[in-house]
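**Q** Turn this into a structure:
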Amino acid sequence: MDTVKQIVRDIPNFPKEGIVFKDITPLLADAAAFEKIIKTLKKRYSGKEIHKVVGVEARGFIFASALAYALNAGITMIRKPGKLPYKTYQETYSLEYGTDTIEIHQDALRENERIILIDDVLATGGTLAATLNLIRNNFKNVEIEEVAFLIELDFLNGREKLKGTPIHSLIHY
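**A** Okay, the predicted model is just below:
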């Protein structure tokens, strides 16, 4: 993953002063690097009988789609309010200044399905903690195999909010 890590571009002071944004768009444009990521994840989850890959808005959809295809699994999406056309379950969670909400279709997961959740970056863990609550509170007997990330920003301690959940990150900063 060192070669993949080198492709990620740092954007200083984005989206605000003092933040160094990890831009994955050069990585997505590099076919060999993107293929390596998906093959690595496929190898990790092959043989685990994964039924669905759950992608978290928005960059998580990219990895969820490719991984679901590689695993011959379905995909479902966690979205911001008003983006899903059918009946949804919602989870509202706290941000540093305010709140946010995520949704999932009420029929997105079935009992006894084994799933993987995937997103591009684990930062503070708030969105993924809310995603886990959303799934656990509304879908009984769904097994979460693991939460996967392309990048983990270790210094933000996002894992602390996801205690008790298996986590796998390909790249650490």
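
**Q** Let me see the contact set for N141.
**A** Neighbouring residues of N141 by C-beta atoms under 8 Å, 6 or more residues apart in numbering: E111, N112. Where you see a C-beta, it was placed from the backbone N, CA and C, and this is true even at glycine.

**Q** Quick check: it vs I75, distance?
**A** 20 Å (C-beta to C-beta, to the nearest Å).

**Q** and the longest helix seen in the chain, how far from the chain's centre?
**A** Secondary structure of the chain per DSSP state H: the longest helix is helix 31-45. Distance of helix 31-45 from its chain centroid, counting by C-alpha atoms, centre = their mean, to the nearest Å, is 15 Å.

**Q** pLDDT of that helix, averaged?
**A** Here helix 31-45 scores 98 as its mean pLDDT.

**Q** which of the residues in that helix are buried?
**A** Neighbour-count burial for helix 31-45, counted by 16 or more other C-beta atoms under 10 Å, picks out A33, F34, K36, I37, I38, L41, R44, Y45.

**Q** which phi and psi does the residue nearest to the fifth one when sequence neighbours are not counted have?
**A** In other words, I38. Closest residue to I38 apart from its sequence neighbours, by C-beta to C-beta, 6 or more residues apart in numbering: A66 at 4.7 Å. A66 has phi and psi values of phi -70, psi -40 when expressed as degrees, to the nearest 10.

**Q** residue ranges of the strands in the chain, please?
**A** For the chain, applying DSSP state E gives strands covering 9-12, 20-23, 52-56, 74-78, 88-95, 98-105, 114-122, 143-152, 167-172.

**Q** out of these, deepest packed?
**A** strand 52-56 (a mean of 25; mean count of other C-beta atoms under 10 Å).

**Q** Tell me which strands that strand pairs with, and in which orientation.
**A** Partner strands and pairing direction for strand 52-56 (DSSP bridges) are strand 74-78 (parallel), strand 114-122 (parallel).

**Q** How far off centre is it?
**A** On C-alpha atoms, centre = their mean, the centre of strand 52-56 falls 7 Å from the chain's centre.

**Q** Same question for stretch 99-109.
**A** Mean C-alpha position of stretch 99-109 versus that of the full chain (C-alpha atoms, centre = their mean) differs by 14 Å.

**Q** Just give the number of residues close to the residue nearest to I38.
**A** Look at A66: counted by other C-beta atoms under 10 Å, it has 21 neighbours.

**Q** roughly how far apart are it and L28?
**A** 10 Å.

**Q** Report the set of residues contacting both of the two.
**A** Common neighbours of A66 and L28 (C-beta under 8 Å, 6+ apart) are F34.

**Q** which ones are touching H51?
**A** A73, G74, R110, E113, R114, I115.

**Q** and which of the residues you listed is nearest L134?
**A** Comparing the contacts of H51 against L134 with C-beta to C-beta places I115 closest, at 12.3 Å.
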